[in-house]
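*Asks:* my questions concern the predicted model and sequence given below.
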Amino acid sequence: MRLLPRLAPLLLGLAFTACASIDVSSNYDPSAVQQIDGYKTYAWLPQPEGTDKRVYNPIVGGQVQHAADAYLQSHGYQKVDAGANPNFLIGWHGAIDNKIEADTVNSYYGYPYNSMWDPFYGGGTVAMSAPETYVREYEQGTLLLDIVDAESKKLVWRGQAQAEIDDNAKAEKRQSNIDKSVKEILERFPPKPGKK
């Protein structure tokens with residue numbers, strides 16, 4: 001029996017683990033770039049409300065705000081009360097969605113098999129196995145950070161992070177994941193025209 005077909009599920013599982021990363025994107029109002037560059041002070045919008053208590057609860061809200069405050073303040077922005085005329089307001093939203101991923105593994109990678117290259121092959125005839133498809137269900141979390149111009153009350157910038165959720169992660173790991181997501185989102189703020 002060839003080793004590769006027996007290892008395929010294990011290798012596929014390792015590939016899933018290795019690919020678990022944060023996908024980040026952002027969008028902004030091009031006409032507001034100069035205005036955004038002048039921002040110095042900010043305040044938080046009210047805590048959002050939602051039906052999914054895994055996302056919309058005081059613990060997650062506090063973690064998101066703590067991570068965003070640490071990043072913004074380390075980059076020269078000053079947090080003020082909403083009544084102190086901040087330059088911009090920041091808010092967040094989140095969601096958890098069920099996803100399905102399917103991958104097909106072809107034992108022979110699409111080229112003819114020659115047993116002389118296989119150190120595990122003991123001779124005899126080789127049966128070509130058919131490709132196998134592995135289906136995996138998982139949950140994907142999405143975090144949005146919105147920047148709203150305080151004077152016009154217009155949304156001028158939005159950042160988004162998406163990543164697979166590990167329901168078994170400990171509190172420290174969850175905080176670390178939120179910190180990393182917020183940091184990667186805010187690294188795109190303020191927008192730099194011409195860069196994606």
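*Replies:* Looks like it arrived, so ask away.
*Asks:* show me the shaky parts of the protein.
*Replies:* 1-20, 105-130, 194-196 (pLDDT under 70).
*Asks:* for Q175, give me its contacts.
*Replies:* Contacts for Q175 were tallied using C-beta atoms under 8 Å, 6 or more residues apart in numbering; they are Q63. Where you see a C-beta, it was placed from the backbone N, CA and C, and this is true even at glycine.
*Asks:* buried set for whichever strand or helix holds it?
*Replies:* For Q175, the host element (DSSP states H and E) is helix 171-186. For helix 171-186, the neighbour count (16 or more other C-beta atoms under 10 Å) marks 174-175, 177-186 as buried.
*Asks:* next: stretch 135-149.
*Replies:* Result for stretch 135-149 [16+ other C-beta under 10 Å]: buried residues 141-149.
*Asks:* which secondary structure element is home to the residue lying closest to P48 once chain neighbours are set aside?
*Replies:* Among residues not flanking P48 along the chain, H93 sits closest, at 5.5 Å (C-beta to C-beta, 6 or more residues apart in numbering). According to DSSP H and E, H93 maps onto strand 88-105.
*Asks:* that strand vs helix 171-186, what angle?
*Replies:* 110 degrees (axes from the mean of the first three to the mean of the last three C-alpha atoms, to 10 degrees).
*Asks:* next secondary structure after strand 88-105?
*Replies:* Sequence order places strand 132-149 as the next helix or strand after strand 88-105, per DSSP H and E.
*Asks:* that older thread, which secondary structure elements does the strand holding H93 contact?
*Replies:* Applying 3 or more C-beta pairs under 8 Å, 6 or more residues apart in numbering; DSSP states H and E, one finds that strand 88-105 contacts helix 3-19, strand 41-44, helix 58-74, strand 132-149.
*Asks:* could you check the angle strand 132-149 makes with the following helix or strand past the longest one?
*Replies:* Meaning strand 132-149. Going down the chain from strand 132-149, the next helix or strand is strand 155-164, by DSSP H and E. Going by the same axes, to 10 degrees, strand 155-164 is angled at 150 degrees with respect to strand 132-149.
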